[in-house]
Every structure is written in structure tokens, then in C-alpha cells.
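Trainee: Attaching a predicted model along with its sequence, questions to come.
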Amino acid sequence: MRPSGQSVTFAECASEHDASAVQSFFKDVYKRDSTLSDNGAFFNWQFGVAEAARAAGHSCKLAMIDGKIIASLGYIPVEVSVGRQRVRGAWTANWAVHEHYRGLGAGPLLMRELVRQFEVTLVVGVSGEARSLLPRMGFTDYGDLARYTKVLNPEAAAALTEDGRPLDAPGVVAVPASRDRRVSIGSVQRFGDDVTALWDSLNGSSGAGTRRSAAFLNWRYAEHPVFDYRRFEARSGGQLVGVGIYRVEAVKGKALNVGRLVEWLVMPPAGGPLIDALLEDARMHGVVFVDFFCSRTDVDALTESGFVRAGENTAALPILFQPIDHRRKGIPFMAHVGKLPDSPRVHQWYVTKGDGDQDRPN
């Protein structure tokens, strides 16, 4: 319980001193060292320079008692496409309350303040008590992101399962390439403005999600201070018709690599050539399987290339590898869209593991 005479105050993370205190808070509340608590460049990248971020300070809301942080809610400001609208939104990141101060309501108060500040508030990866709390605060629970898996080396991938049994999944079968030769595939260091136009053409009328502008994609994947994302473009007649982004993740404690596909924006003719090139690159890096978490189910090019939606055969594959952890089974997605006039019609979200803070170190 809160000691008598102490009151909770609320503030933004407005200075370097505040940022250092937040990092210490993370280390204390998570009971371990982490990239977020120990790596200033990563902390600044996540909370300091996101597209549409505030001009000063970091995007963290704080609850304090006598100057000591007792709760924190980080957020990543983004531009959100909702049908033909473009609105101000934010993804939550690292919503935490110190165990000694739970029951004071500081966590929900921080979330309510964030909801007031933005037109759309988005959450991915929340679990446990928080998942049951947020619907009572006006959030819609869209369920777990679908997971699509392509096994490239079934014998090696079996070593990642709990019982070590070989995986018998359709994704093991290679699909012969019969692709449109007019589509060219290349790797890129940074994205140009035409990627914004690609997003708008694919999701700018009936879709919803973080607007994949050049500024957002370059911040998220080209400027990441820890991960080396492999970025591919598909072009036809010089026009950008597809983007695929993935990274190679080394499994802790095993000499194995897995591939984490985080973006798949593609016009139909480009899907086959793009995924062929991406999988060839993954094989060259010794990847034993590739997975993709996404709220969309219209991923025809992936399924035609042997990706299968997680079921009995592939559910044995863990989703955490630092270290391997079989306890977590999914990535939930929730959204607060009550400020939008047509919120009941919001559908066809494009949300991936690259949103929020889900594709992160540790």
C-alpha cells in the first residue's frame, strides 16, 4: 500500500536525467539487464526519434512518488491510415508498474492519458491481466496475429521443438518458380518516397495500420541500432510493386538461425519473385525456417510458396529464441479507435511483428 502522505504525480520523460531514471526503472522492474535499460542508442531510437515524435524529450509517460518512478508507459507516435483518413496514433511500448506499487491505479491512469492524447492507440503483445483490462477501457481485442511459417530445413528445425520430432509441414516442399520475368528484385539501403505511394495504393482506401511511409520504414528498419534488417524491393517497368523485409536471428544456445519476416507489402504480380528472392537469401544465411506474424490473411504469394498458417504441425516451433521459450503462444493485437467517426467499420488491419516493440532485442 502507498505510505500515508505520499501522492502520485504524473510527468513526461522530458530530459536526459529522466531518460536515465527510466532506464534504471526498467532494470529494476524487469529484474534483469536488457538492451532497453543498458543501450542508450536503442532507448533513444525507440522513444526519441520516431516519426511524428515530440521535438524534445522521450515518448514515455511516468508516474512518480517523491520523484521516484513507480510506473511507466512508453509509446511510439506514428501516422495511422484508417480507410481514407490519416490520423495521429501511438503504439504502446513497455507498459510497466513496479511490483511494490501495484493497486494504486497508476498503470491505467497512464494509459487513459495516452488515449486522450491520440486519435488511435494501438497495442501489440499485451498479455495476462492487461489483456482483460484494456477492453474495459474501450479497446477492441482483435485476437492474436496469424503466424505463417515456411520450414527450409526440417531436420534442423526439429531441434527447436520441445520433443525434437521431425516437422511434417507443407512448407517444407519447395515450389518451382514460374514467375513474371518483368519483375526485378533488389536489395536496398533506404526506401524512397515511392514506398509511401505503394502503401497508400494497397491500404489507403479500406485498410488500416501504421502508414508505411519512407520516413517510417527507414526509421524502423534502416536506422535500427541493433538489428540488421534485410530489405528487398520488387519493381516492374521501374515502378515499385513490392517490399519485403526480414532479419536473420541466431538462436541462443544453438548453432541455428531463424528468419523473421516483418514486412510484406506487395502487388500480386510481384509476390512470387519477391518471396523467391527472400527465401534464397535466407537459405544462404543458414536459416532453418522463416515466420511471419500478420493480422492479414490475404497473403497468397506466401501460401503459394509453401508458407502455412500455424497449426498442429508448426505450432511446436517456439516464437522466442533468446533463449528458446515455448510458453508464449501468440501475439495479441488491440486498438482504441473510439475517437474515429466510422470506428465500427474499421477492419482489414495490417499489423505485423514489426509494429510496436515486438521485434526487439532480448
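Mentor: Here it is on my side, so go on.

Trainee: any low-confidence regions in the stretch 151-300 of the chain?
Mentor: 168-179 (pLDDT under 70).

Trainee: following the helix or strand where His17 lies, which helix or strand shows up next?
Mentor: With secondary structure defined by DSSP states H and E, His17 is part of helix 16-30. Per DSSP H and E, the first helix or strand lying C-terminal to helix 16-30 is helix 35-38.

Trainee: Show me how the protein divides into domains.
Mentor: 8-144, 146-327 (automatic domain parsing).

Trainee: Rebuild those as JSON lines, extending it with distance to Gly356 and mean neighbour count.
Mentor: Where C-beta positions appear, they are placed from N, C-alpha and C, glycine not excepted. Listed next are the domains of the chain as JSON lines, based on distance: least, C-beta to C-beta, whole Å; neighbours: other C-beta atoms under 10 Å:
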{"stretch": "domain 8-144", "distance to Gly356": "4", "mean neighbour count": "18"}
{"stretch": "domain 146-327", "distance to Gly356": "9", "mean neighbour count": "18"}
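
Trainee: Report the contact partners of the nearest residue to Arg112 once chain neighbours are set aside.
Mentor: Spatial nearest neighbour of Arg112, chain neighbours left out: Met137 (6.9 Å); criterion: C-beta to C-beta, 6 or more residues apart in numbering. With contact set as C-beta atoms under 8 Å, 6 or more residues apart in numbering, Met137 has these partners: 108, 111-112, 115, 336.

Trainee: Tell me the one of these nearest Gly207?
Mentor: His336 (18.3 Å; C-beta to C-beta).

Trainee: Can you report how many residues neighbour that closest one?
Mentor: 25 (other C-beta atoms under 10 Å).

Trainee: hang on, it packs against Phe139?
Mentor: Yes. Between His336 and Phe139 a contact is recorded at 4.8 Å, counting by C-beta atoms under 8 Å.

Trainee: Need the overlap of contacts for those two.
Mentor: Common neighbours of His336 and Phe139 (criterion: C-beta under 8 Å, 6+ apart): Thr121.

Trainee: Show me what the helix holding His17 packs onto, helices and strands only.
Mentor: Applying 3 or more C-beta pairs under 8 Å, 6 or more residues apart in numbering; DSSP states H and E, we find helix 16-30 packed against strand 8-13, helix 35-38, helix 40-48, strand 58-65, strand 68-82, strand 85-97.

Trainee: before we move on, the earlier item: need the domains of the chain in CSV (columns: distance to Pro361).
Mentor: Listed next are the domains of the chain as CSV, based on distance: least, C-beta to C-beta, whole Å:
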stretch, distance to Pro361
domain 8-144, 4
domain 146-327, 5
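
Trainee: Out of the ones you listed, flag the one nearest Gln348.
Mentor: Counting by C-beta to C-beta, and looking across all of the domains of the chain, nearest comes domain 146-327 at 4.9 Å.

Trainee: How far does the closest one stretch from one end to the other?
Mentor: Domain 146-327 has an end-to-end distance of 17 Å (C-alpha to C-alpha, to the nearest Å).

Trainee: Could you do stretch 218-231 as well?
Mentor: 10 Å.

Trainee: just stretch 28-35 next, same as before
Mentor: 14 Å.

Trainee: got a markdown table for the helices and strands packed on helix 16-30, with distance to Ser305 and mean pLDDT too?
Mentor: Shown next, in a markdown table, are those (distance: least, C-beta to C-beta, whole Å; pLDDT from 0 to 100):
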| stretch | distance to Ser305 | mean pLDDT |
| --- | --- | --- |
| strand 8-13 | 44 | 95 |
| helix 35-38 | 33 | 92 |
| helix 40-48 | 32 | 93 |
| strand 58-65 | 38 | 96 |
| strand 68-82 | 27 | 96 |
| strand 85-97 | 29 | 95 |
